[in-house]
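Colleague: Sequence and predicted structure, then a few things I'm wondering about:
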Amino acid sequence: MKILLYNPDNGVTRNFMPHLWMFLLQTLTPPGHEVLLIDGNAQPMDEEGIARYVREEKIDLVGIGAMTRMIAKAYRMADAVRAAGVKVVMGGPHVTEMADEALGRDGGARHADAVALGEADETWPRIVEDAARGTLRDVYAPVDDFGQERKPSLQPYPVIPWDKIKLEQFNLLPGMLQPLLKRVGAGWGTFRIIPVESGRGCPYGCEFCTVTGFFGDSIRFRTNESVVNELLLLKARAKEEGGQIAVFFIDDNFAINVKRTKSLLRDIIAANAQVHWVAQISANLLRDEELVDLIAAAGGKWIFIGMESIDPANLADVKKGFNKPGEYAVVLDRLARRNVFAITSFIFGMDNDTTGVAERTLKEIRSWPPGLPIFGLMTPLPATPLYKKLEAAGRLTRPKHWQEFIPFAMAHTPLKMSIDEAHKEVRIGGASSYSPAAIEKAVDALNHKPLGYRINIFIARLCFRGIYFPQMGRFAWLRTISENRCTILKLLRQGFGGGLHAAVPSAVNQTATEQRN
Ligand code: B12
Ligand code: SF4
């Protein structure tokens, strides 16, 4: 069969990174089938486009994966594929919880011929074989012979052939600059962020989160060797094509078992497998100085921290009381001293939030080393304890909010402010952190750091700005660059002042050096 795996865009931002599930399922597809990948973030497509594509390419089966946020678009694309006479299998966190919706068993239209529940590592080969035989079933659940749920152990873990996979659509650098950039340092003709997992599962069970329910509360790890080999493969590819690769460790809590994380980081260092990487780690685990030393030495550049709130009452309310706002500053300083930045994520519209929460949070943020703050709204995702709690209390204003997805819009009323007030708080958070003046201030605050770090934070802020302000097309980008020209000129002046070579970001040089080794 010719199989297409498709992930829709969210209609607001372009994700900077492809989705791991596609590469994983491509790798796990039994031999004898051809698998093509399309990520709507990299290759925008509408319903007509996908119908034409499956007809022209003579596709036999389409697999669609989506989070709740993209499910409405996913259903529309699935409908178009099915109308073109091609079978659709859907998987991922949303349809796992809402299988009846996808299969049209809840009174609505049917969108998928089959649904893969939960982790599909072991069911996907069966799905492909059934589809090839024309015996596709409605539901595929990851269960053993006795009907008990079975989670993949991740040992062994499939070897994703990163040296061969086509990655053209995921190059983040503009095509017209590629020939020039290829000659910079060890080569910047390509720059890709690649998702890598080292483990699955999280025991913390925060009320708003899908992860504990979906992946389970016991954690499964890959072997250090398998992760290190994957990094070495990626590093070799970058070198071969005169480009750069950074890695996003997508584990929900990369240091959930600190001892094991330290041992992995030591093995990465020993194997010289360092690439620049981002990982998600909760603040409580970053108390460990040795861990942070190892993060920096193993290539860690950005740590995503789900801070959620600076109010302990809010944190206790959503079962995230292990976050201690009193220690946020210390943790961020500890990272900054090693030139590791933090992506600090906050949720507004929690039940103890009142108007002014954005300004109160921003005041704290301004006292921290500059990083990348992001602000979202409390969202009841299907099947989470939060959803069930709000549903039972009759507080959901849009119980099926995903069916008419509206970006940055709440689906329930917080206890101490109105929905509109909560929306305004997020707008304040975004505007205050990503205005040209705020970006300039963040870059200036790093004047004592090497130029590369300032360029790093500048580029990252420009990219994250797109979460709040439309930045999807070439024009939007040109406008953004023009609005931030003062900072750009300042950085260029500093670069040229230090000699032409220094104008090339030292972050670039650093990566280049590391990837040459
Ligand atoms: C990396 C990541 C991101 C990345 C983007 C995704 C990417 N490019 O990889 C970033 C950081 C940008 C991101 C952003 C957001 N994310 Co996110 N993200 C993740 C994370 C940490 C890892 C995803 C991953 O690769 N998992 C590992 C793979 C192997 O698992 P998987 O994707 O589930 O795939 C398996 C199965 O689901 C299944 N499967 C999946 N798709 C398909 C398709 C088919 C056809 C089949 C057969 C099977 C199948 O098979 C796979 C192998 O077992 C997950 C949490 C998690 N651990 O999964 C959250 C998660 C997916 N994100 C989530 C959320 C809510 C968001 C945001 C909305 C957060 C926000 N408030 O802004 C945004 C929205 C992004 C957007 N595009 O609009 C939720 C989604 C819940 C839901 N019900 O939709 C999750 C589950 C985390 C959570 N806290 O609950 N995210
Ligand atoms: S929010 Fe993070 S720490 Fe909490 S359950 Fe989800 S993955 Fe675990």
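Modeller: That came through, no problem. Ligands and ions are numbered 1, 2, ... in the order given.

Colleague: Tell me who's in contact with Arg55.
Modeller: By CB atoms under 8 Å, 6 or more residues apart in numbering, Arg55 lies in contact with Ala84. C-betas here are computed from N, CA, C, even on glycine.

Colleague: Which helix or which strand is home to Lys301?
Modeller: Applying DSSP states H and E as the criterion places Lys301 in strand 300-308.

Colleague: Which positions within the helix or strand just after that strand qualify as buried?
Modeller: Toward the C-terminus, strand 300-308 is succeeded by helix 312-317 as the next helix or strand (DSSP H and E). Using 16 or more other CB atoms under 10 Å as the test for burial, helix 312-317 gives Asn314, Leu315, Asp317.

Colleague: of the residues you listed, closest to Gly107?
Modeller: Nearest to Gly107 out of these is Asp317 (CB to CB; 34.0 Å).

Colleague: so what's that closest one scoring on pLDDT?
Modeller: For Asp317, the pLDDT comes out at 97.

Colleague: For the strand holding Lys301, which strands pair with it and how are they oriented?
Modeller: Using DSSP bridges, the strands paired with strand 300-308 are strand 277-280 (parallel), strand 341-348 (parallel).

Colleague: hang on, the earlier thing: could you single out the nearest of the buried residues of helix 312-317 to Asp293?
Modeller: Among the buried residues of helix 312-317, Leu315 lies closest to Asp293 (CB to CB), at 27.7 Å.

Colleague: pretty sure that closest one contacts Glu308?
Modeller: Yes. Using CB atoms under 8 Å, Leu315 is in contact with Glu308, at 6.3 Å.

Colleague: What is the burial count for Gly299?
Modeller: 21 (other CB atoms under 10 Å).

Colleague: For it, which non-adjacent residue is closest in space?
Modeller: Gln274 (3.7 Å; CB to CB, 6 or more residues apart in numbering).

Colleague: what does the stretch 301-450 of the chain put close to ligand 2?
Modeller: Gly306 (CB under 6 Å from any ligand atom).

Colleague: shared neighbours of Leu315 and Glu308, anything?
Modeller: In contact with both Leu315 and Glu308: Asn323, using CB under 8 Å, 6+ apart.

Colleague: follow-up on the earlier one: mean pLDDT and distance to ligand 1 added to the strands paired with strand 300-308, as CSV?
Modeller: Shown next, in CSV, are the strands paired with strand 300-308 (pLDDT from 0 to 100; distance: least, CB to the nearest ligand atom, whole Å):
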stretch, mean pLDDT, distance to ligand 1
strand 277-280, 97, 6
strand 341-348, 96, 8
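
Colleague: okay if I get those strands as TSV plus mean neighbour count and distance to Asp333?
Modeller: As requested, these are exported to TSV (neighbours: other CB atoms under 10 Å; distance: least, CB to CB, whole Å):
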stretch	mean neighbour count	distance to Asp333
strand 277-280	22	19
strand 341-348	22	10
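
Colleague: Nearest to Phe248, out of those?
Modeller: Nearest to Phe248 among the strands paired with strand 300-308 is strand 277-280 (4.9 Å), distances taken as CB to CB.

Colleague: hey, C-alpha coordinates of the helix or strand just after the closest one in PDB?
Modeller: As assigned by DSSP H and E, the chain's next helix or strand after strand 277-280 is helix 289-297. Provided in PDB are the C-alpha atoms of helix 289-297 (Å, rounded to 0.1, in the frame of the first residue of the first chain):
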ATOM      1  CA  GLU A 289      23.100  21.400  41.100                       C
ATOM      2  CA  GLU A 290      24.900  18.400  39.700                       C
ATOM      3  CA  LEU A 291      21.900  17.700  37.400                       C
ATOM      4  CA  VAL A 292      22.000  21.200  36.100                       C
ATOM      5  CA  ASP A 293      25.800  21.000  35.500                       C
ATOM      6  CA  LEU A 294      25.200  17.800  33.500                       C
ATOM      7  CA  ILE A 295      22.400  19.400  31.500                       C
ATOM      8  CA  ALA A 296      24.700  22.200  30.400                       C
ATOM      9  CA  ALA A 297      27.600  19.900  29.700                       C
END
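
Colleague: In space, what's closest to Gly11 - neighbours in sequence excluded?
Modeller: Nearest non-adjacent residue to Gly11, counting by CB to CB, 6+ apart: Lys73, 6.4 Å away.

Colleague: Just the element for that neighbour, please.
Modeller: Residue-wise, Lys73 maps onto helix 71-83 under DSSP H and E.

Colleague: what sits against the residue nearest to Gly11?
Modeller: The neighbourhood of Lys73, defined by CB under 8 Å, 6+ apart, consists of Pro8, Asp9, Asn10, Gly11, Gly40, Ala66, Phe405.

Colleague: From the residues you listed, which land in strands?
Modeller: The strands, defined by DSSP state E, take in nothing from these.

Colleague: Tell me the buried residues within those residues.
Modeller: By 16+ other CB under 10 Å, these give Pro8, Asp9, Asn10, Gly40, Ala66, Phe405 as buried.

Colleague: what residues does the stretch 301-450 of the chain put near ligand 1?
Modeller: By the rule CB under 6 Å from any ligand atom, the part of the stretch 301-450 of the chain lying against ligand 1 is Gly376, Leu381.

Colleague: For burial, what's the neighbour tally of Pro436?
Modeller: 16.

Colleague: Isn't it up against Ser482?
Modeller: No. Pro436 is beyond contact range of Ser482, at 9.6 Å (criterion: CB under 8 Å).

Colleague: List the residues that contact the nearest residue to Arg338 once chain neighbours are set aside.
Modeller: Leaving aside its sequence neighbours, Arg338 sits nearest to Ala296 (CB to CB, 6+ apart; 3.7 Å). Taking CB under 8 Å, 6+ apart, we find Ala296 in contact with Arg338, Asn339, Val340.

Colleague: Quick check, pLDDT for Ala296.
Modeller: For Ala296, the model assigns a pLDDT of 97.

Colleague: What's the separation between it and Glu197?
Modeller: Distance, Ala296 to Glu197, using CB to CB, to the nearest Å: 21 Å.

Colleague: Tell me who's in contact with Trp21.
Modeller: Contacts for Trp21 were tallied using CB under 8 Å, 6+ apart; they are Leu5, Asn7, Gly65, Gly91, Gly92, Ala120.

Colleague: Can you pull the residues of the stretch 101-250 of the chain lying near ligand 1?
Modeller: For the stretch 101-250 of the chain, the residues in contact with ligand 1 (CB under 6 Å from any ligand atom) are Ala116, Glu119, Ala120, Asp121, Trp124, Pro195, Glu197, Cys209, Thr210, Val211, Phe215, Ile250.

Colleague: The same query, at a cut-off of 8 Å, please.
Modeller: 116, 118-121, 123-124, 127, 140, 152, 195, 197, 200, 202, 206, 208-211, 214-215, 248, 250 (CB under 8 Å from any ligand atom).

Colleague: Keep only these that also lie close to ligand 2.
Modeller: When contact is defined as CB under 8 Å from any ligand atom, these meet ligand 2 at Cys202, Cys206, Phe208, Cys209, Thr210, Val211.

Colleague: Let's have these in JSON lines, adding secondary structure, neighbour count and pLDDT.
Modeller: Shown next, in JSON lines, are those (DSSP: H, G, I helix; E, B strand; the rest coil; neighbours: other CB atoms under 10 Å; pLDDT from 0 to 100):
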{"residue": "Cys202", "secondary structure": "coil", "neighbour count": "22", "pLDDT": "91"}
{"residue": "Cys206", "secondary structure": "coil", "neighbour count": "23", "pLDDT": "95"}
{"residue": "Phe208", "secondary structure": "coil", "neighbour count": "21", "pLDDT": "97"}
{"residue": "Cys209", "secondary structure": "coil", "neighbour count": "20", "pLDDT": "96"}
{"residue": "Thr210", "secondary structure": "coil", "neighbour count": "20", "pLDDT": "94"}
{"residue": "Val211", "secondary structure": "helix", "neighbour count": "19", "pLDDT": "92"}
